[in-house]
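Student: Take this sequence and fold it.
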Amino acid sequence: MERIHKDLNTLKWGLPIALIIYGFWLFSIILGFSLPIRWDNPWIYLRILIQMHLFTGLFITAHDAMHGTVSRIKWINDGIGWICTLSYALFFYNRLFPKHHQHHQFVHTEKDPDYSHHSFFRWYFQFFFQYFSILQYLLLNGMFFFLQWVFKISQANLIVFWILPSILSSLQLFYFGTYLPHHGEINNAHQSRTQSKNHLWAFMTCYFFGYHYEHHDSPHIPWWRLYLQKS
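Tutor: So this is what the prediction gives:
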């Protein structure tokens, strides 16, 4: 009963936190679309990094939805998952969902869709194309031209504040959330490494998912409570 009570109490905060992440991402990307781009302005580079981090937050929020920790109301939980995956790069939530649970069920085996014994970049492209489709590519191109022609957003702003941060975010998610925790031989119950305890670094790099053994040990814990599992 105590465990159930704690889970319900956690779920009360899941939706507000998801909406805050999405709100910051939406505000930031709209602001980015209207900013003049001058490469001699150091704030541009900081804005790209901030946008990258917020893209990562979108995907982490969708990931929490896959574990049912955004809301105990299923249609709201899954709706947030859909909104975040579509906003990230027109990924389809219903395609990501079974593959992610397959990863948890068969972690670090040949049946794990996220695992590879290849080098970093070969593994990254294998990982990326597990989920990215031709349809997605065509839809993203259509959206790019739609935003450019209808909303008069410059091509440079679309590339710098939408395309580039999402690609950098995919590398961030892969490196800190998949490659570091799962590459090479691992000998523990969850076939997962975990980074050294440093909550600020863990948040900045991948919303605490560097604490990856802890995530596999307690997948019902949302990202914003995952640091509490780190001993």
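
Student: centroid residue for the chain?
Tutor: Centroid check for the chain by C-alpha atoms, centre = their mean gives residue 59 as the closest residue, at 2.5 Å.

Student: right, and that one touches residue 165 too?
Tutor: No: in this structure, residue 59 is not within contact of residue 165 by C-beta atoms under 8 Å, at 11.9 Å. Bear in mind the C-beta positions are built from the backbone N, C-alpha and C, glycine included.

Student: related to what we said a few turns ago, on the three-state scheme, the residue nearest to the centre of the chain is what?
Tutor: Of the three states, residue 59 takes helix under DSSP: H, G, I helix; E, B strand; the rest coil.

Student: Let me know the distance separating the residue lying closest to residue 108 once chain neighbours are set aside from residue 184.
Tutor: The shortest distance from residue 108 to any non-neighbouring residue, by C-beta to C-beta, 6 or more residues apart in numbering, is to residue 191 (3.5 Å). To residue 184, residue 191 is 11 Å away according to C-beta to C-beta, to the nearest Å.

Student: And for residue 215?
Tutor: Counting by C-beta to C-beta, the gap from residue 215 to residue 184 is 18 Å.

Student: How about residue 224?
Tutor: Taking C-beta to C-beta, one finds residue 224 at 29 Å from residue 184.

Student: that older thread, let me see the contact set for the residue nearest to residue 108.
Tutor: 107, 108, 182, 216 (C-beta atoms under 8 Å, 6 or more residues apart in numbering).

Student: Can you check these and name whichever has the most neighbours?
Tutor: Neighbour counts for the contacts of residue 191 (other C-beta atoms under 10 Å) peak at residue 182, which has 22 neighbours.

Student: so it sits right up against residue 107, yeah?
Tutor: Yes: in this structure, residue 182 is within contact of residue 107 by C-beta under 8 Å, at 7.4 Å.

Student: quick one: which helix or strand includes the residue nearest to residue 71 when sequence neighbours are not counted?
Tutor: With C-beta to C-beta, 6+ apart as the criterion, residue 71 has its nearest non-adjacent residue at 4.3 Å, and that residue is residue 77. Using DSSP states H and E, residue 77 falls within helix 74-89.

Student: right, and the helix or strand after that helix?
Tutor: Next along the chain after helix 74-89, with elements defined by DSSP H and E, is helix 93-105.

Student: And the average pLDDT for that following helix is what?
Tutor: Averaged over helix 93-105, pLDDT sits at 95.

Student: and the angle from the very next helix or strand once past that helix to helix 74-89?
Tutor: Downstream of helix 93-105, the first helix or strand assigned by DSSP H and E is helix 120-131. Computed with axes from the mean of the first three to the mean of the last three C-alpha atoms, to 10 degrees, the direction of helix 120-131 lies at 130 degrees from that of helix 74-89.

Student: Just the CA coordinates for the helix or strand that comes right after helix 120-131, please, in PDB.
Tutor: Next along the chain after helix 120-131, taking DSSP H and E as the criterion, comes helix 134-150. What follows is helix 134-150, C-alpha atoms only, in PDB (Å, rounded to 0.1, in the frame of the first residue of the first chain):
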ATOM      1  CA  ILE A 134      11.200   7.500 -45.100                       C
ATOM      2  CA  LEU A 135       7.700   8.800 -44.300                       C
ATOM      3  CA  GLN A 136       9.100  10.800 -41.400                       C
ATOM      4  CA  TYR A 137      11.800  12.300 -43.700                       C
ATOM      5  CA  LEU A 138       9.200  13.300 -46.300                       C
ATOM      6  CA  LEU A 139       6.900  14.800 -43.600                       C
ATOM      7  CA  LEU A 140       9.700  16.800 -42.000                       C
ATOM      8  CA  ASN A 141      10.700  18.200 -45.400                       C
ATOM      9  CA  GLY A 142       7.100  19.200 -46.000                       C
ATOM     10  CA  MET A 143       6.900  20.900 -42.500                       C
ATOM     11  CA  PHE A 144      10.200  22.700 -43.200                       C
ATOM     12  CA  PHE A 145       8.800  24.200 -46.400                       C
ATOM     13  CA  PHE A 146       5.400  24.900 -44.800                       C
ATOM     14  CA  LEU A 147       7.000  26.900 -42.000                       C
ATOM     15  CA  GLN A 148       9.200  28.700 -44.400                       C
ATOM     16  CA  TRP A 149       6.500  29.700 -46.900                       C
ATOM     17  CA  VAL A 150       3.400  30.100 -44.700                       C
END
